[in-house]
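Visitor: requesting a structural model of the entry that follows:
(2 chains)
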Number of protein chains: 2
Amino acid sequence: MSLLVVGSVAFDALETPYGKVERTLGGAASYFALAASHFTPVRVVAIVGEDFTDEHRAVFRGRPIDLSGVESAEGKTFFWSGRYSQNMNERTTLATELNVFANFKPTLPSAYLNSSSIFLGNIDPTLQRSVLKQVRRKPKVVGLDTMNYWIERTPKELKETLKHTDILMINDEETRQLTGEHNLLRAAKRVFRMGPRTLVIKRGEHGALMVHNKFLFSVPAFPLEEVYDPTGAGDSFAGGFMGYLASTGSLSEHNLRRAMVYGSVLGSYAVERFGVERLLKVKRSEINARARHFLQLTAFKLQ
Amino acid sequence: MSLLVVGSVAFDALETPYGKVERTLGGAASYFALAASHFTPVRVVAIVGEDFTDEHRAVFRGRPIDLSGVESAEGKTFFWSGRYSQNMNERTTLATELNVFANFKPTLPSAYLNSSSIFLGNIDPTLQRSVLKQVRRKPKVVGLDTMNYWIERTPKELKETLKHTDILMINDEETRQLTGEHNLLRAAKRVFRMGPRTLVIKRGEHGALMVHNKFLFSVPAFPLEEVYDPTGAGDSFAGGFMGYLASTGSLSEHNLRRAMVYGSVLGSYAVERFGVERLLKVKRSEINARARHFLQLTAFKLQ
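Guide: Sure, this is the predicted structure:
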């Protein structure tokens, strides 16, 4: 299936206990696309500024990533700056400069209109909805990410977009905030009534839980000795998940379970280096090897 | 294998968003023994006061639980009182009255001296060590639980006891505190140098991680719609784990993985009712059924 992602392409300044980068390629759509492109071609819808040059576009080159939907506008590219605490558990946002992103109106090139698999990155739910309205046919699968900002400020618009969403991919706190329910299983039932049939709860170092109306599936985070930079882990998870799923063409239970594993694999690789560095270098053979490691990490026999 | 546990037998007063109990059977050794007794006979070493009557002993009756090592002393039984926050994430200790526990000197009845599987519950490491010194032969497996109090106040004694421990079963924060290392894999390597070959990190609602010097195994917590009372979840986990393991007589990788699952099964049942109530009623068929649910919760195929 053809996979379309809408979201941010950004420059990030990052500081972790392992070091510092001043200005590196970031943004949810960047991590997502690089992760997903290991499984399936990806079409990106985003906006960048004049400071986003051919050199930056070149990062995506040589991969099945279509940037024709990345609009170039007057002004600067979205900039985010953050610092992680010594144990990486806390993140302080030092700067968020929306720049050209403030006037983002996603417009799909005609070549994107037949996309059958869509991921609506964490942006204004009205813009997420506008992407869905542009595609020609009802997509086979729509995934969606959101955050506290939209849950608080645009709840109606978010709920409207959720009606057209198959898979909601958020963290525990967002799940609780969206539903007003602390218990995640009961929260999932409320999510099901909003539209999605599947809720994927991202739990960072604790892995991810899929609540489907027919089954539950839990995957741990891959235990790593070194986490260099947690930025983009969730977006890489989403990219691995949606990319794998789009490559199969079916939402069977087996595929959904595997999508959780491949999401976790890509998330775990993302954090091994700064920014998108590791996602650029990781090979398909390494992805497969780590998926087998997940099997060793979780498999048991009752007899 | 014959399984011995040393630890607290107590009265608890508990308050959770689901209700309140004024004085119910508690203590790590109680939860442990009830959980483990589903798999293997258990010998308990503990101390109780004059207020611990036949009626209280009767709770353990009809199960393969030997209470001949539970000493009855002048005074009152250990009493603990705690309150859980609305979302159960925080626990406030309202009272800890050591009572007879303050003068606990574990003494093993002669019938216990051949115990080959031993669990040293969370008590003074010097007392834990004294139990090991009393048994006739080197046990096949020694499990140990401890807490911040002992890590801070009796580090030397704890390290001495750890030299004789096979499986250390503590939570993430205790692991970090004991080793001075935030990353859990690196922390595990330091634990291995202290004696144990296996570290089981209990993570509450996030499940448990086993770090063995040859493999890693992760098990999620069982997602429940209602958690009535988290008290004793970790002790029930330890009981299920050690009980299952003792019943097999071998520390093979397969058995260690299954022990993690049965530990999680017992931990999940423990929290479904107040105090030990659910552990008293759960049937072996229910334990097996939930173990199969854990398989469904975690299983995936790569092809």
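Visitor: tell me how many other residues crowd A:Arg193.
Guide: Counted by other C-beta atoms under 10 Å in any protein chain shown, the residues lying close to A:Arg193 total 9. Where C-beta positions appear, they are placed from N, C-alpha and C, glycine not excepted.
Visitor: could you look up the SS state of the most centrally placed residue in chain A?
Guide: The centre of chain A sits closest to A:Asp235, judged by C-alpha atoms, centre = their mean, with a distance of 2.8 Å. Of the three states, A:Asp235 takes helix under DSSP: H, G, I helix; E, B strand; the rest coil.
Visitor: from A:Asn99, how far off is it?
Guide: In this structure, A:Asp235 lies at 19 Å from A:Asn99, with C-beta to C-beta, to the nearest Å as the measure.
Visitor: quick one, longest helix in chain A?
Guide: helix A:253-270 (DSSP state H).
Visitor: near chain B, which residues of the stretch 101-250 of chain A?
Guide: Within the stretch 101-250 of chain A, the positions near chain B by C-beta under 8 Å from any C-beta of the partner chain are A:182-186, A:203, A:206-207, A:209, A:211, A:215-220, A:223-227.
Visitor: before we move on, the earlier item: count of neighbours near the nearest residue to the residue nearest to the centre of chain A once chain neighbours are set aside?
Guide: Once flanking residues are discounted, A:Asp235 sits nearest to A:Tyr31: 3.7 Å by C-beta to C-beta, 6 or more residues apart in numbering or on different chains. The tally of other residues near A:Tyr31 (other C-beta under 10 Å) stands at 32.
Visitor: so which elements touch the helix or strand encompassing A:Tyr31?
Guide: Assessed by DSSP states H and E, A:Tyr31 sits inside helix A:28-36. Helix A:28-36 sits against strand A:3-6, strand A:42-48, helix A:233-248, helix A:253-270, helix A:277-281, with contacts defined as 3 or more C-beta pairs under 8 Å, 6 or more residues apart in numbering or on different chains; DSSP states H and E.
Visitor: could I get these as JSON lines with mean pLDDT?
Guide: Shown next, in JSON lines, are the helices and strands packed on helix A:28-36 (pLDDT from 0 to 100):
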{"stretch": "strand A:3-6", "mean pLDDT": "98"}
{"stretch": "strand A:42-48", "mean pLDDT": "98"}
{"stretch": "helix A:233-248", "mean pLDDT": "98"}
{"stretch": "helix A:253-270", "mean pLDDT": "98"}
{"stretch": "helix A:277-281", "mean pLDDT": "96"}
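Visitor: select, out of those, the one closest to A:Ala291.
Guide: If you check each of these against A:Ala291 by C-beta to C-beta, helix A:253-270 wins as the nearest, at 5.4 Å.
Visitor: anything in the closest one near chain B?
Guide: Yes - Helix A:253-270 comes into contact with chain B (C-beta under 8 Å from any C-beta), by way of A:His254, A:Arg257, A:Arg258, A:Met260, A:Val261.
Visitor: are any of these buried, and which?
Guide: Among the residues of helix A:253-270 next to chain B, the ones that count as buried by 16 or more other C-beta atoms under 10 Å in any protein chain shown are A:Arg257, A:Arg258, A:Met260, A:Val261.
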